[in-house]
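> Predicted model follows, preceded by the sequence.
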Amino acid sequence: AVSLPFAVGQCGNQVGCRFWDLALREHAAVNKKGIYDEALSSFFRNVDTRSGGNGPDIYKGKICSLKARALLIDMEEGVVNEILQGPLRDVFDSKQLITDVSGSGNNWAVGHKIYGGQYRENIVEKLRKTAEHCDCLQCFFIIHSMGGGTGSGLGTFVLNLLEEEFPEVYRFVTSVYPSGEDDVITSPYNSVLAMKELNEHADCVLPIENESLFEIVNKIHQMINSGKLGSTVKQNSLVTSSAGSAKTLPEKPFDAMNNIVANLLLNLTSSARFEGSLNMDLNEISMNLVPFPRLHYLVSSLTPLYTLADVNVPSRRLDQMFSDAFSRDHQLIQADPKHSLYLACALLVRGNVQVSDLRRNIERLKPSLHFVSWNQEGWKTGLCSVPPVGHSHSLLALANNTCVKPTFIELKDRFMKLYKKKAHLHHYLQIDGMEQSCFSEAISSLTDLIEEYNELDATKSGPRIDPSRLKIAV
Amino acid sequence: MSIVTVQLGQCGNQIGHEVFSALCSDIRGTHGLCSKKENESYCESCKERFFCEEESGVPVARAVLVDMEPKVISQTLSMAASSGHWKYDSHSHFCQKQGSGNNWANGYSVHGPRHKEAIMNLVQKEAEKCDRLGGFFTIMSMAGGTGSGLGAFVTQCLRDAFPTSFTLNHVIWPYGTGEVIVQNYNSVLTLSHLYQSSDALLVHENDVIHKICAQLMNIKQISFRDVNQVIAHQLGSVFQPTHTAGEGSGYSRNPLGDLMEALVPHPEFKLLGLRNIPQMPENSLPYSTFSWPGLIKHLRQMLIANAKMEEGIDWQVRPPQPGSSIPSTTKPLHFNTSIANLVVLRGKDVHSVDLGSFQDPSLYTSWLNPQDAFSAWKTPRAFNKYEKSASLVSNSQFLLKPLDSIVGKAWNMFASKAYLHQYTKFGIQEEDFLDCFTTLEQVISSYTNL
């Protein structure tokens, strides 16, 4: 089953670039014989390029030329051009790219209304062509940031479009939320306008905050340079490392942070691609982690962040991996799930971990976590046999937890600061199709969402009353 | 008579593979401990029951493999083939690409009807390979989407297409704490539907088998494969050939029919639990000796006290005193009342075993004669390297508490309406859920008031 990523905007494409690089590395590590297999077909086509250019797809046998199943969309050319000139140039062809020159000026309305309208047909056509090559299309991934214009505006336009054209295919969105110190002044507007679209049209959203990524990068940096550790760290095991890089730090400033997001996506799809004793597919993630349609924001954490070079991993260290998954500093947004309320939790383990390890750790950690009254045992688990490169085991935790609430409340506050003064509003309202109501509806949508989380939080300390069962006349 | 096995979903296929492996390894073993003639008869009977002969001489399992995603079936087929001792028919499988997403409604309402013809064609082909069809054995978990939902649909199809054949559903009950968050919904939907179309449900609980692996098998890092191998051993201990009609008679020709006759006198009571002793690591076997009186005594107390395994049995529990009419309200607590029991004995000196303690009327409800309520199957041929092995298949209150717990948790979630939109979008409505809850509360009530 195919997962089709859409990288939209500068951030989306920079993350996307890291993603395909690491995906190729992961499959190369597993696929020693160079055979095009089911696992590879999730993300890559196998194309016969011997007669130059674009030959037919090869469905079995040896790998000829791998092409990523993807659409790269940006309204500026810089990032996509860099990808096409870099080591990944043969992985994409021009039919997968949609670019323009002037960019969206950090304006959601430009991305959504102007470019959306302008490029709709082009996008649909390219999407259909890409879908034709897919045996079975299970899931779309949109990778974008919320604070700018293209990723945010055009990205959410694409989201709408996907729902219209392929209503049965799941829509997962990886969204990078702006921080308080974001240098784009209008990022709160862009984010809130985009949030409304995510509320209404996404199946699952994985919010990411740059601050969290930055803290993880720093933590690793300190750890490597402190010299405190007896053993050396395996370079390729760093959650921040790029493929084939011999240096301790990657070249470009955001590469390390983007690698984390790329690893998130690889781990998310690992059990769908590789075998294991308890498979977890993407449609299962949506099924188990979304109890009510709008509450589909999942906080993610990845552990471990690195592996030490010594081979023996005592189970104590394995258990540490589970503990870390729930700690504040491993979450990819600024959140503390331990002190908020869980609606549901998923643990996707990779590598040499068995069901007894899973059970032992769930039993151990359960007492310190708060689960909603109607889902006291709300755990979804998966065991994938293939670990990530450089690791013997790893864990991805996904939490549907009210700890997302502060992120949304802060976003709302920043929005209101600007909106009350009507700052920069005219840049938006002068766009065809944009009205004041777009803003009021968007903030209303966000407010309602926050309120739903508030109601859930209110149940946290209340008494637990189990509903009475049906009575049978004897 | 032959049994056609239908392996459904990841769990069903993983377990099915271990079952055929165990059966094959048992008949290839040299630890039969019986006469050559007896052994030959046993092996012949097992082969006829579970395997088909091919020209190459490699036994082919009588099985249909069904899953909605390809990875597990692919692995299962290749693992069997690479063993060199048995294999699956390379055409006898059906799979799709997408999976069922742990969604019972998707398995039942979408995949079921869509793939009914293809799946039933495969079943028909396997059935036609049998000289005489003894019935169907389906293996599935009730927690996920395919085994549970598609499994329930296929069971209905089997009932419709083969109305005179027996169908026994082997159902895996998930760990109490999460494998799947919506597992209780899927379980309620599965059990209520199976109750309509299946002849009996033979249940294994993951929590129980896990404890056996930890405490009796001494396995440190327990994998699903370990769990599945214990389950396969327990199933083999019941379904390998036995003499059901006493010494001198041949091996039973109708195992499923015999099972139903022995254990399911009334359609309201279809839940069967399984216990098997002794259970220990293979390398301990040469150093252990067993006595039949000891095994029988333990097995009986496990029945009475509802012990899940041979360790930690509560010896304080006693059956109610016979004689004076005791109203059911004063029955001793924790006492497990039986409707019917079947004991299967394998190994040395089987025919000398005294099973009188299992015929004690105080173990049973009053509406069957004790001689009708209890059956014994025996064979002197030892199973899977155990010099003596005793299994109990019981239609009793064994599963009452676990069932009640599952229904309770599902109801609790249902009251909040959580996850219902995931089911309604594939056609299972709130009213359908209510019907299922009603069916199961009825079953719980029936078993409670024994």
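On my side now, so go ahead. Residues are numbered from 1 along each chain as shown, chains lettered A, B, ... in the order given.

> Can you tell me the closest non-neighbouring residue to whichever residue of the stretch 351-474 of chain A sits closest to chain B?
Nearest residue of the stretch 351-474 of chain A to chain B: A:Trp379, at 2.9 Å (CB to the nearest CB). All C-beta atoms are positioned from the backbone trio N, CA, C, and that covers glycine. With CB to CB, 6 or more residues apart in numbering or on different chains as the measure, B:Gly178 is the residue that lies nearest to A:Trp379, at 2.9 Å, once sequence neighbours are left out.

> wait, doesn't the one you found sit right on A:Gln376?
No - judged on CB atoms under 8 Å, B:Gly178 makes no contact with A:Gln376 at a distance of 9.9 Å.

> returning to what we had before: where does the residue of the stretch 351-474 of chain A closest to chain B fall, phi/psi-wise?
Backbone dihedrals for A:Trp379, given as degrees, to the nearest 10, come out at phi -110, psi 130.

> neighbours of it, just the number please.
Applying other CB atoms under 10 Å in any protein chain shown, we find 25 residues neighbouring A:Trp379.

> what does A:Ser368 give?
Neighbour count for A:Ser368, taken as other CB under 10 Å: 10.

> ok, it - contacts?
Neighbouring residues of A:Ser368 by CB atoms under 8 Å, 6 or more residues apart in numbering or on different chains: A:Phe326, A:Lys338.

> List every C-alpha atom in stretch B:51-60, with coordinates, as CSV.
The C-alpha trace of stretch B:51-60 is given here as CSV (Å, rounded to 0.1, in the frame of the first residue of the first chain):
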residue,chain,number,x,y,z
PHE,B,51,-2.9,-32.7,5.4
CYS,B,52,-3.2,-33.6,1.7
GLU,B,53,-0.6,-35.8,0.0
GLU,B,54,1.2,-34.4,-3.0
GLU,B,55,3.3,-36.2,-5.5
SER,B,56,6.4,-34.8,-4.0
GLY,B,57,5.6,-36.5,-0.8
VAL,B,58,5.6,-33.2,1.2
PRO,B,59,2.3,-33.0,3.1
VAL,B,60,0.2,-30.0,2.1
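
> Now that stretch: buried residues?
Along stretch B:51-60, these residues count as buried under the neighbour rule (16 or more other CB atoms under 10 Å in any protein chain shown): B:Phe51, B:Cys52, B:Val58, B:Pro59, B:Val60.

> Which phi and psi values does the fourth one adopt?
Pointing back at B:Pro59 there. In terms of degrees, to the nearest 10, the main-chain angles of B:Pro59 are phi -60, psi 140.

> how much space between it and B:Asn39?
As judged by CB to CB, to the nearest Å, B:Pro59 and B:Asn39 stand 16 Å apart.

> phi, psi of residue 141?
I'll assume chain A. Residue torsions, per degrees, to the nearest 10, at A:Phe141 are phi -110, psi 130.

> Actually, chain B is the one I wanted.
Its backbone dihedrals place B:Ser141 at phi -100, psi 160, with angles given as degrees, to the nearest 10.

> now do B:Phe136
The phi/psi pair for B:Phe136 (degrees, to the nearest 10) reads phi -120, psi 140.

> ok, now which ones touch it?
Shown in contact with B:Phe136 (CB under 8 Å, 6+ apart): B:Ile3, B:Val4, B:Thr5, B:Val6, B:Val123, B:Leu158, B:Phe162, B:Ser165, B:Phe166, B:Thr167, B:Leu168.

> Tell me the pLDDT of it.
We note a pLDDT of 97 for B:Phe136 in this prediction.

> Output the set of residues of the stretch 101-250 of chain A in proximity to chain B.
Residues of the stretch 101-250 of chain A that fall close to chain B, judged by CB under 8 Å from any CB of the partner chain: A:Asp135, A:Cys136, A:Gln138.

> Count the residues that sit near the residue lying closest to A:Gly151 once chain neighbours are set aside.
Spatial nearest neighbour of A:Gly151, excluding adjacent residues (CB to CB, 6+ apart): A:Gly9 at 2.7 Å. Using other CB under 10 Å, A:Gly9 has 31 neighbouring residues.

> Test my guess that A:Gly9 contacts A:Ser152.
Yes - taking contacts as CB under 8 Å, A:Gly9 lies within contact range of A:Ser152: 7.2 Å.

> Just the buried residues of the helix or strand of chain B with the lowest mean pLDDT, please?
Using mean pLDDT, DSSP states H and E, the weakest-scoring helix or strand in chain B turns out to be helix B:370-373, at a mean of 86. Judged by neighbour count (16+ other CB under 10 Å), helix B:370-373 contains these buried residues: B:Ala373.

> Tabulate the CA atom coordinates of that helix in PDB.
Output for helix B:370-373, consisting of C-alpha atoms alone and laid out as PDB, is shown next (Å, rounded to 0.1, in the frame of the first residue of the first chain):
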ATOM      1  CA  PRO B 370     -23.600 -36.800  34.500                       C
ATOM      2  CA  GLN B 371     -22.800 -39.600  32.100                       C
ATOM      3  CA  ASP B 372     -23.900 -37.300  29.200                       C
ATOM      4  CA  ALA B 373     -22.100 -34.400  30.600                       C
END
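
> Poorly predicted segments of the stretch 1-150 of chain A, please.
Low-confidence segments of the stretch 1-150 of chain A, defined by pLDDT under 70: A:52-54.

> what sits up against stretch A:96-108?
Residues external to stretch A:96-108 that are found in contact with it (CB under 8 Å, 6+ apart): A:9, A:68, A:70-77, A:80, A:84, A:110-111, A:115, A:119, A:122-123, A:126, A:130, A:147-150, A:152-154, A:184, A:186-187, A:189-190, A:193-194, A:427-428, A:431.

> one more time with 7 Å, if that's ok
With CB atoms under 7 Å, 6 or more residues apart in numbering or on different chains as the contact definition, stretch A:96-108 has outside contacts at A:70-77, A:80, A:110-111, A:115, A:119, A:122-123, A:126, A:130, A:148-150, A:152-154, A:184, A:186, A:189-190, A:193-194, A:427-428.

> from the middle of its chain, how far away would it be?
22 Å (CA atoms, centre = their mean, to the nearest Å).

> Okay, buried residues for it please.
If you call a residue buried by 16+ other CB under 10 Å, then stretch A:96-108 has these buried ones: A:Gln96, A:Leu97, A:Ile98, A:Thr99, A:Asp100, A:Gly103, A:Ser104, A:Asn106, A:Asn107, A:Trp108.

> from the residues you listed, which is closest to chain B?
The shortest gap between chain B and any of these belongs to A:Gln96, at 22.4 Å (CB to the nearest CB).

> Any idea which residue is closest to the centre of chain A?
The geometric centre of chain A, computed from its C-alpha atoms, lies nearest to A:Thr174 (CA atoms, centre = their mean), at 3.5 Å.
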